[in-house]
Structures are given as C-alpha cells and as structure tokens.
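1. Sequence and predicted model, in that order:
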Amino acid sequence: MQPGEREKLERGFKEAEASAFLSGFTLSENFFGVKARILSGDITIDQGQEEILAYHRVKNSSVDQARS
C-alpha cells in the first residue's frame, strides 16, 4: 500500500459508514470483514467491492426465493 493510501481509505470508509447510518442502513458483518482485509492490504478495494456485491447478490436471491 502506498504512503497515505491507508489514511485515505480509512477516511473513505468512515464517510461511507456515516452515510449508510444517516440513510438508515445497517452495514453487514461481511462489510466490516472486507473493510479489515482491504485496510490490511490483503485485498484491493476492487476485490473488496466485488466480494461485497457478490455477497449481496446471493443474499438477495435467497430472499427472492423465500418470497416465491
């Protein structure tokens, strides 16, 4: 990770979390796990974004199936 990049990511995550909170959303444990892996440098922000999207695609499809 480049110098200053972690601080920039942390600031971005704080803003995203505040925005979600103010919008009435509850962030998933998956989000916080992915966030930790991004901040530790284990995965890139793009990989994290894809993991979060995939998680919610599966979660939403199971909700849709339960409604049917």
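-> Happy to help now that I have it.
2. use CA for all of it now, contacts and neighbours both
-> Will do.
3. which residues sit against stretch 11-22?
-> In this structure, residues lying in contact with stretch 11-22 by Cα atoms under 8 Å, 6 or more residues apart in numbering are 26-27, 35.
4. who does the helix or strand of the chain with the lowest mean pLDDT touch, helix- and strand-wise?
-> Across the helices and strands of the chain, mean confidence by mean pLDDT, DSSP states H and E is lowest for helix 45-67: a mean of 84. Contact partners of helix 45-67 among helices and strands, from 3 or more Cα pairs under 8 Å, 6 or more residues apart in numbering; DSSP states H and E: helix 29-39.
5. Residues in contact with the helix it packs on: which ones?
-> Outside helix 29-39, the residues that touch it by Cα under 8 Å, 6+ apart are 6, 9-10, 13, 43-45, 48, 51-52, 55.
6. Please produce TSV containing the residues you listed, extended by neighbour count and distance to Leu22.
-> Listed next are the contacts of helix 29-39 as TSV, based on neighbours: other Cα atoms under 10 Å; distance: Cα to Cα, whole Å:
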residue	neighbour count	distance to Leu22
Arg6	15	24
Leu9	15	20
Glu10	15	18
Phe13	15	14
Ile43	14	28
Thr44	16	27
Ile45	16	23
Gly48	19	23
Glu51	15	24
Ile52	17	20
Tyr55	14	23
